[in-house]
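Participant: Here is the input, now give the coordinates:
(2 chains)
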Amino acid sequence: MTIPLRPSGIPAVGDLPWGSHFCQFYGDREDLVDSLVPYFKAGLENNEHCLWVTSEPFGATDARTMLRNAVPDLDQRMSRGQIEIIDHHDWYMKSGGKSADEVLQGWVDRHGRALAQGYAGLRLTGNTYWLERQDWSDFVEYEARVTDTFKSHNIIGLCSYCLSRCGPRDVLDVVRNHQFALIRQAGEWELIESAPLRSAKAELHKLNAELEQRVQDRTAELQHALHMREEFLSVASHELKTPITSLQLYVESLLRANQRGTLSVDHATPKLLKAKEQCGRLENLINKMLDVSRASASEDPLPIEAEEVDLAEVARSVGEVFAEGLQRAACELRLRADQPAVGHWDRMRLEQVVTNLLSNAIKYAPGTVVELEVRSSEDRATLVVRDGGPGIPEEAQQRVFERFVQLSPKSHAGGFGLGLWIVRSIVDAHGGSIKLTSKPGQGTTFQVELPSRRSA
Amino acid sequence: MPSHTLLLVDDDAAIADALSELLVDEGYTVVTAANGAEALRYLRANVAPSLILLDLMMPVMDGYAFREVQREDPALSHIPVFILSAGHLGDRVRSLGVAGVFKKPLLLDALLAAIQEHCAPRA
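Facilitator: Take a look at the predicted model:
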């Protein structure tokens, strides 16, 4: 939301919101001409109803002449009633003796009439030249209430104070009761802000900057999430279509052989076995996706079905399953898991952890030595998977545990980019921790620590 | 009459296996390569195949990079290429200037008919 601003007409002031109540200290007629003529010109040109109570030594006739120079159609505007220029003598006759309440209500009524007549609001200048010393304290109190009254209306008020008639204390009183003050120094108007306004502005600046930063951060987060989602969808669709394609080809091939009359058991059996393998591949992919959507649908950790499990035994059996894959990737597996490492864990989930870490090593570090080690101490077990691959650059090491992150999607290594995210979710659900140490060119080590028994 | 040779370039072992068996059943000779680099090695050492069936997303050298090299090489640029891809087939695929584009999973009848058509002149 932006607050609509009104041009003040005074370059040192710039634009103002409705409700502004400020003052000026003037020395001579020149000061008044120089500020009030452009102030009212801006009001007239922006469809505001204007009230100018002039100040000595700048009378009403003089004011009309000076304003007419700046606003050629001033007389039409005056006869339409857009602007009233009243000599301070006459104004004093009209408003002198009225209470502060009556004067304030007068402004509000005038504002209401201006709006009813189709004006955007009310622009006025008051003057205090007529003010006698004995009325000063009442007037100071009145000015304080003006700020509050104007705040909720389309009113802009500029109060002119003759500097030579104000003592130092008076200047302080006046500045305190206006949002800011204008004073001419060495021929230039200068703005003096009251302390509350200055701090309010500073606070606003700070809030704006914070808000801006938050919007930027949030936008970047959303863009990142959107990008990840697109990346994931494209990878997921590719990953799912690949086993479907081979499955379909095996089935088509059987159908065609059948049509040709060349289908035999010898011919069909290996194809059916391969088709079955592709079904398993598809099932794995779908399970992975379900795990992810289940885990991301709730804040709860993955459900764990804990039982007595020997992590060393789990590592050995997964290592066996991987024998063929390791061979294909020309990886040598060094298994060190001779001592039992028993704890209260979910066996299936731990198999998944070892599987994902091993398949990552095969995928990203083919042709290297892969070490798989299980150690146990009194109250926990440690699983280490170390490869001799290209390593993970430091800036990416946190990212690898995020969902759908593949450090090198362009290398088409395959998979969803979910493996390490699932590993971390499982480790978290067991109350454990996972640590990654890697240096480019020096391989990668994942170290998982699991408490033997989850503390409730 | 020697049968037509097709070079099938796909990193997915199951797809390569299933499709080459099926094409062999259809009477073609099939040579497989697991990525663009392997395919180039084969092409530079052997008689040109009648057609190249090219996957896009592959490690080491993907289909786009392969096609770039192939188009630059006067000895290879004349060999027609069919793209077989499970990915999104957008402008980038159209810019490859290939003889055919087929989505995975494959519409087999259409693919076989197109292969046959491309091999017909020599048949």
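
Participant: For the residue nearest to the spatial centre of chain B, give me its contacts.
Facilitator: Residue closest to the mean C-alpha point of chain B, counted by Cα atoms, centre = their mean, is B:Leu53 at 1.3 Å. Contact analysis of B:Leu53 by Cβ atoms under 8 Å, 6 or more residues apart in numbering or on different chains lists B:6-10, B:19, B:81-82, B:84. (Glycine included, C-beta is placed from N, CA and C.)

Participant: Name the SS class of it, please.
Facilitator: Counting by DSSP: H, G, I helix; E, B strand; the rest coil, the backbone at B:Leu53 sits in strand.

Participant: which residues does it bridge with?
Facilitator: Counting by DSSP bridges, B:Leu53 is bridged to B:Leu8, B:Phe82.

Participant: Got the confidence number for it?
Facilitator: As predicted, B:Leu53 sits at a pLDDT of 96.

Participant: can you check A:Ser194 too?
Facilitator: 68.

Participant: Averaged pLDDT, stretch B:84-101. What do you get?
Facilitator: Averaging pLDDT along stretch B:84-101 yields 85.

Participant: Is there proximity between the lowest-mean-pLDDT helix or strand in chain B and chain A?
Facilitator: Lowest by mean pLDDT, DSSP states H and E among the helices and strands of chain B is helix B:91-94, with a mean of 82. No. Using Cβ under 8 Å from any Cβ of the partner chain, helix B:91-94 stays clear of chain A, coming no nearer than 12.4 Å.

Participant: quick revisit: which one of the contacts of B:Leu53 is nearest to A:Gly118?
Facilitator: A:Gly118 lies nearest to B:Leu84 out of those, by Cβ to Cβ, at 71.8 Å.

Participant: Give me every residue in the stretch 151-300 of chain A lying close to chain B.
Facilitator: Checking the stretch 151-300 of chain A against chain B by Cβ under 8 Å from any Cβ, the hits are A:234, A:237-238, A:241-246, A:248-250, A:252-253, A:256-257, A:260, A:262, A:271, A:274, A:277-278, A:281.

Participant: Just the buried residues of those residues.
Facilitator: A:238, A:241-246, A:248-250, A:252-253, A:256-257, A:271, A:274, A:278, A:281 (16 or more other Cβ atoms under 10 Å in any protein chain shown).

Participant: Report the buried residues of the least confident helix or strand of chain B.
Facilitator: Of the residues in helix B:91-94, those buried (16+ other Cβ under 10 Å) are B:Val93.

Participant: now do stretch A:430-450
Facilitator: A:430-432, A:434, A:436, A:438, A:443-450.

Participant: Nearest to A:Lys151 among these?
Facilitator: A:Gly431 (57.1 Å).

Participant: what separates B:Ile92 from A:Trp421, distance-wise?
Facilitator: Small correction: residue B:92 is Arg, not Ile. Using Cβ to Cβ, to the nearest Å, B:Arg92 is found at 29 Å from A:Trp421.

Participant: Could I get the full set of helices for the chain?
Facilitator: This is for chain A. Taking DSSP state H as the criterion, chain A carries its helices at A:29-45, A:60-70, A:74-80, A:88-95, A:100-116, A:136-151, A:168-176, A:195-260, A:265-297, A:311-321, A:323-328, A:347-364, A:419-429.

Participant: if you could check chain B rather than the one you did, that'd help
Facilitator: B:13-25, B:36-45, B:63-72, B:91-94, B:108-119.

Participant: Dump the ones you listed to CSV, plus distance to A:Leu222.
Facilitator: Formatted as CSV, the helices of chain B follow (distance: least, Cβ to Cβ, whole Å):
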stretch, distance to A:Leu222
helix B:13-25, 37
helix B:36-45, 36
helix B:63-72, 30
helix B:91-94, 26
helix B:108-119, 41
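
Participant: Out of these, which gets the lowest mean score?
Facilitator: Among the helices of chain B, helix B:91-94 carries the lowest mean pLDDT (a mean of 82).

Participant: can I get the CA coordinates of that one in CSV?
Facilitator: Listed next in CSV are the C-alpha coordinates belonging to helix B:91-94 (Å, rounded to 0.1, in the frame of the first residue of the first chain):
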residue,chain,number,x,y,z
ASP,B,91,12.4,-26.1,-28.7
ARG,B,92,15.8,-27.5,-27.8
VAL,B,93,14.9,-30.9,-29.3
ARG,B,94,13.5,-29.3,-32.4
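
Participant: No further queries at this time; thank you.
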